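Q: 3D model of this:
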Amino acid sequence: MERGRGFVFSAIFACSAFAVGPMSVGILRAQQSVPDAAAIGRGGELLGAQCGFCHGTNARGGSSGPDLTRSALVQEDEGGRQLGEFLRVGRPDRGMPKFDQLTDAQMSDLAAFLHDTIRLVARRNLYKILDILVGDAKAGEATFNGAGRCATCHSPTGDFKGIGAKYEPEVLQGRMVMPRGRAGLPSGPPRPPYTEPTAVKATVTTPSGPSFTGAIVRLTDFDVVLYDQSTGQMRSWLRNGDVPKVVVSDPLQAHVDMLSKWTDADMHNMTAYLASLK
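A: All right, here's what the predicted structure looks like:
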C-alpha cells in the first residue's frame, strides 16, 4: 500500500510551579488525605444508586453527565461541605436535580468516594487489576488456531513457549491490543521506536531503480527518513509527489486489523489460554 503522510507529533506543555489550578489542588488534597475504606465503599454505593445513571457508576461520566473527577467543585471540596451545599440546591435549569434528602454523613461518604477516585486517577500505579483470568482457555486456544489467525505467526511451542510464566496476565492482554512499544515488558534503557524489531517500515524506490527498506524515522509529504536496523545508519530522500515511490508496511498489521474484531469474550479467552502456556 503506497502512502505519503506526515507524522503527527504530540506537543508537550510545561506547567509553571506557581500556577496551580483546581485540578492540581484537588489532586494534592486527594493525595494528602488518608482514605477511609468504609466511607469510600458507602460513597460508591450511594453514587451508583443516586448519580450513576448520569455520571456513571465510577463517576467518570455517563449517559448525560460529565466526569465528576474533573469538576472544579469536586476538586475544591473539603470533606463534602461544598459538594453538599451544591447538591442540596442542584441546577434544575440544566437537568441537575437537587438532593436535599441526603444527610451530612452521606455527603461526606460521597465526597470520600470522589476524592479517592481522583487519587487513583492521579496515581495510576496504585490501581490493581483483579480477576483478569475469567475466560475459557480452551476457547482461547480455538481462536488462536482459528479465527484469530495467531498461529500463522506464533507458536505455543516456539516463540510463545512459556509466555504464561514470563508475563503477568494483564501484560499478555495489554499486548494483544497494544502490541507496539514496551509497555508492560521488562524495563530497560529507553530507545527510539524505529529501533524496535516491530517498527513500521517502508521501501523507497528511486526513479533509477535501486530500492531501500528500513524502519520509518520520519515520513512527510516533503521527505522520508529510514533507519537501517542492521547497520544502525539512516538514509533520507526529498519527495516530490510520488517520487521516490514509498511503500509502507507494518509487521503488526494483523494485530491492527484484529482490534475491531476482538470481543470481550475473545480477549478473556485468549488471555486465559496464553496464561496457561507455562
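Q: can you give me the helices for the stretch 151-278 of the chain?
A: 163-166, 169-177, 253-258, 264-275 (DSSP state H, counting those that start in this stretch).
Q: Could you identify which of those helices is most buried?
A: helix 264-275 (a mean of 20; mean count of other CB atoms under 10 Å). Using the backbone N, CA and C atoms, a C-beta is placed for each residue, glycine as well.
Q: nearest to Ala37, of the helices of the stretch 151-278 of the chain?
A: Counting by CB to CB, Ala37 lies closest to helix 169-177 out of the helices of the stretch 151-278 of the chain; the figure is 23.3 Å.
Q: angle of the closest one against helix 264-275?
A: Relative orientation of helix 169-177 versus helix 264-275 (axes from the mean of the first three to the mean of the last three CA atoms, to 10 degrees): 120 degrees.
Q: got the contact list for the nearest residue to Leu238 once chain neighbours are set aside?
A: Once flanking residues are discounted, Leu238 sits nearest to Asp223: 5.4 Å by CB to CB, 6 or more residues apart in numbering. If you count contacts by CB atoms under 8 Å, 6 or more residues apart in numbering, Asp223 has them with 236-239.
Q: nearest to Ser155, of the helices of the stretch 151-278 of the chain?
A: helix 163-166 (10.6 Å).
Q: on that earlier part again, the helices of the stretch 151-278 of the chain: which one's closest to Phe212?
A: Using CB to CB, the nearest of the helices of the stretch 151-278 of the chain to Phe212 is helix 253-258, at 20.7 Å.
Q: hang on, the earlier thing: which one of the helices of the stretch 151-278 of the chain lies closest to Arg70?
A: With CB to CB as the yardstick, what comes closest out of the helices of the stretch 151-278 of the chain is helix 169-177 (25.0 Å).
Q: Now do the closest one: distance to the chain's middle.
A: 12 Å (CA atoms, centre = their mean, to the nearest Å).
Q: before we move on, what about stretch 139-155?
A: With CA atoms, centre = their mean, you get 24 Å for stretch 139-155.
Q: And the contacts of stretch 267-276?
A: Taking CB under 8 Å, 6+ apart as the rule, stretch 267-276 contacts 132-141, 143-144, 148, 150, 160, 163-164, 169, 172-173, 176-177.
Q: Can you pull the poorly scored residue ranges out of the stretch 51-200 of the chain?
A: Counting by pLDDT under 70, the stretch 51-200 of the chain shows low-confidence ranges at 124-130, 181-189.
Q: Spatially, what comes nearest to Asp266 if we skip its sequence neighbours?
A: Distances taken as CB to CB, 6+ apart put Thr143 closest to Asp266, at 5.8 Å, once the chain neighbours are dropped.
Q: I'd say that neighbour and Thr263 touch.
A: No: shown here, Thr143 and Thr263 do not form a contact pair, counting by CB atoms under 8 Å, at 9.9 Å.
Q: Comparing these two, which residue is more hemmed in?
A: The residue with more neighbours, out of Thr143 and Thr263, is Thr143; 22 against 9, by other CB atoms under 10 Å.
Q: What is the neighbour count of the nearest residue to Val177 once chain neighbours are set aside?
A: Counting by CB to CB, 6+ apart, Val177 lies nearest to Leu259, which is 6.3 Å off, once chain neighbours are set aside. Other residues within reach of Leu259, judged by other CB under 10 Å, total 11.
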